[in-house]
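Student: Need coordinates for the below:
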Amino acid sequence: MNKRRVVVTGIGSVTPLGNDAETTWSNILAGKSGIGPLTRLNADEYPAKVAAEVKDFSIEEYIDRKDARKMDRFTHYAIAASMMAVKNAKLEITEENAPRVGVWIGSGIGGMETFETQHETFLNRGYKRVSPFFVPMMIPDMAAGQVSIMLGARGVNSCTVTACASGTNSIGDAFKVIQRGDADAMITGGTEAPITSMAVAGFCANTALSTNPDPQTASRPFDLNRDGFVIGEGAGIIVLEDLEHALNRGADIICEIVGYGSTGDAYHITAPAPEGEGGARAMKMAINDAGLSPEDIQYVNAHGTSTAYNDKYETIAVKEVFGEHAYKLAMSSTKSMTGHLLGAAGGVEAVFTIQSIRDGVMPPTMNLKTADPDCDLDYVPNEGRKAEIKAAMSNSLGFGGHNATIVFKKYE
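Tutor: Got it, this is the predicted structure:
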């Protein structure tokens, strides 16, 4: 069976660095940080004092206030980013094409904020005062469900929940939907709003979060002095299309998606497999799926969480996959500026990878000051770099041993 070619025609995002894709990107290239003091919660109650919060965002710019009140914040971010991506793609969803336009948006933990507030209502006031919208607001698939309703997309509608790999898995899964002919276009990515009391408490309890109180240096992937990730929020959404469908409607093609790999560690609930074995297999699978050789990849947007094991094992995995070429390619972690958006990370970082190819520039890894002997590759330290990028990959690795990699290349 001939695989259909799949291209990217639209991007949209809501991030701690900006409420659209291009503002976020310009701040990324300037090396700015979206991390600041933790304000959504009482920071005195937690060892983690900083977070990457979305700022000055209003869902009412996109939908009616009455509808918005029936949704969790993670769904708000997804709707806004999806509307921007579809507008960027100039994709008109009509009665005729709606059954061939799908939505696949992942989230790691869904409506945690809704769960917490409604549980408090239940304890204090009883079941009758719990919102009838509680379950639809909370479940992780509702971002995809509400996006499809708001945009009228009636094709394949799904949500991948694979912790911090959710966004990347969702894009890869959506790519395969089009490739096998089940849709002509997919609105896909990841969304998350995890800066809540219980989520932050849980990550603090398992010592995953940085306790560095300085917002400018708390997220420092691949640096010897890293001490954990900084929790972030937002959404990253892209529009994928069958090449012929995009050409027939005169779409502007940004780049092509060509490869997807997804594996499981079968090792531990939170720690990556030794030597990054599962991540290495996902990268190899994605490169093979793309029909490329490892030497064809110029840039890797790393998972790069700023945690001891992830950064070390992801580095080892890249060396395993690329051999000597590992020392020739560039690899950076944009989480040094956005923090870790959990299930949205893969969506936002896919947007960055697409923009890297489009603009011929590799974003930096900020705060990389002290070399770690275990992390000895080219991480584009502290300043972006101009370079023609013909092919690039984005990695996401999640709790539960989920590993996902997608490969994009310049459209020809």
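
Student: which residues in the stretch 301-412 of the chain form strands?
Tutor: Here the stretch 301-412 of the chain has its strands, by DSSP state E, counting those that start in this stretch, at 330-332, 361-362, 385-386, 391-398, 402-409.

Student: Give the other helices and strands that the second one contacts.
Tutor: Okay, so that is strand 361-362. The contact analysis (3 or more C-beta pairs under 8 Å, 6 or more residues apart in numbering; DSSP states H and E) places strand 361-362 against strand 385-386. C-beta: built from backbone N, CA, C; applies to glycine.

Student: what does the strand it packs on contact?
Tutor: Applying C-beta atoms under 8 Å, 6 or more residues apart in numbering, the set of residues contacting strand 385-386 from outside is A330, G360, V361, M362, P364.

Student: Can you give me the domain boundaries for this structure?
Tutor: The chain resolves into domains spanning 7-248, 260-409 when parsed by automatic domain parsing.

Student: Correct me if wrong: M366 contacts V380.
Tutor: No: M366 is beyond contact range of V380, at 9.7 Å (criterion: C-beta atoms under 8 Å).

Student: buried sites along the helix ranked longest in the chain?
Tutor: In the chain, taking DSSP state H as the definition, the longest helix is helix 73-89. Neighbour counts over helix 73-89 (16 or more other C-beta atoms under 10 Å) mark 73-86, 88-89 as buried.

Student: for A51, what are its contacts?
Tutor: I35, G36, P37, L38, T39, R40, I195, V200, V230, I231, G232, G339.

Student: what do you get if the cut-off is 7 Å, keeping everything else the same?
Tutor: The contact partners of A51, taken as C-beta atoms under 7 Å, 6 or more residues apart in numbering, are L38, R40, I195, V230, I231, G232, G339.

Student: on that earlier part again, now render the contacts of strand 385-386 as TSV, adding distance to V407, pLDDT and neighbour count.
Tutor: Output for the contacts of strand 385-386, formatted as TSV (distance: C-beta to C-beta, whole Å; pLDDT from 0 to 100; neighbours: other C-beta atoms under 10 Å):
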residue	distance to V407	pLDDT	neighbour count
A330	15	98	22
G360	18	98	12
V361	18	98	20
M362	16	98	27
P364	22	98	24
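
Student: mind giving me JSON lines with those residues and columns for distance to A143?
Tutor: Shown next, in JSON lines, are these (distance: C-beta to C-beta, whole Å):
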{"residue": "A330", "distance to A143": "32"}
{"residue": "G360", "distance to A143": "32"}
{"residue": "V361", "distance to A143": "30"}
{"residue": "M362", "distance to A143": "30"}
{"residue": "P364", "distance to A143": "30"}
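
Student: Taking the residues you listed together, which two end up most distant?
Tutor: Farthest pair in these (C-beta to C-beta) is G360 and P364. Separation: 14.8 Å.

Student: where's T307 relative to R226, distance?
Tutor: 7 Å (C-beta to C-beta, to the nearest Å).

Student: Which one of those two is surrounded by more residues?
Tutor: Neighbours were counted for T307 and for R226 using other C-beta atoms under 10 Å; R226 has more, 27 against 23.

Student: Hmm, S219 and the more buried one touching each other?
Tutor: No: contact criterion C-beta atoms under 7 Å: R226 and S219 do not qualify, at 8.1 Å.

Student: Quickly list what's touching both of these two.
Tutor: Contacts common to R226 and S219, judged by C-beta under 7 Å, 6+ apart, are S306.

Student: Could you tell me what pLDDT the model assigned to M1?
Tutor: M1 carries a pLDDT value of 61.

Student: that older thread, who's more crowded, M366 and V380?
Tutor: The residue with more neighbours, out of M366 and V380, is M366; 28 against 21, by other C-beta under 10 Å.

Student: just checking, the more buried one touches G31?
Tutor: Yes: at 5.4 Å, M366 and G31 qualify as touching, with contact defined as C-beta under 7 Å.

Student: any residues in contact with both of those two?
Tutor: Joint contacts of M366 and G31 (C-beta under 7 Å, 6+ apart) are N382.

Student: Reformat the domains of the chain as CSV; add distance to I254.
Tutor: Shown next, in CSV, are the domains of the chain (distance: least, C-beta to C-beta, whole Å):
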stretch, distance to I254
domain 7-248, 5
domain 260-409, 5
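
Student: And the strands of the stretch 301-412 of the chain: which comes nearest R69?
Tutor: It is, among the strands of the stretch 301-412 of the chain and with distance given as C-beta to C-beta, strand 391-398, at 30.8 Å.

Student: Show me the contact partners of that closest one.
Tutor: With contacts defined as C-beta under 7 Å, 6+ apart, strand 391-398 is touched by 162-165, 167-168, 272, 279, 283, 286, 292, 296-303, 310, 314, 345-346, 349-350, 353, 356-357, 403-409.

Student: OK, contacts around L17?
Tutor: So L17 contacts T24, N27, I28, K32, G34, M337, T338 (C-beta under 7 Å, 6+ apart).

Student: do the same with T405
Tutor: Contact partners of T405, counting by C-beta under 7 Å, 6+ apart, are G261, A282, M283, A286, M393, N395.

Student: Is the third one in a helix, a strand, or coil?
Tutor: When classified by DSSP: H, G, I helix; E, B strand; the rest coil, M283 comes out as helix.

Student: That one contacts V321, doesn't it?
Tutor: Yes: counting by C-beta under 7 Å, V321 is a contact partner of M283 at 4.6 Å.

Student: When these two are compared, which one has more neighbours?
Tutor: Comparing M283 with V321 by other C-beta under 10 Å, the one with more neighbours is M283, at 29 against 23.
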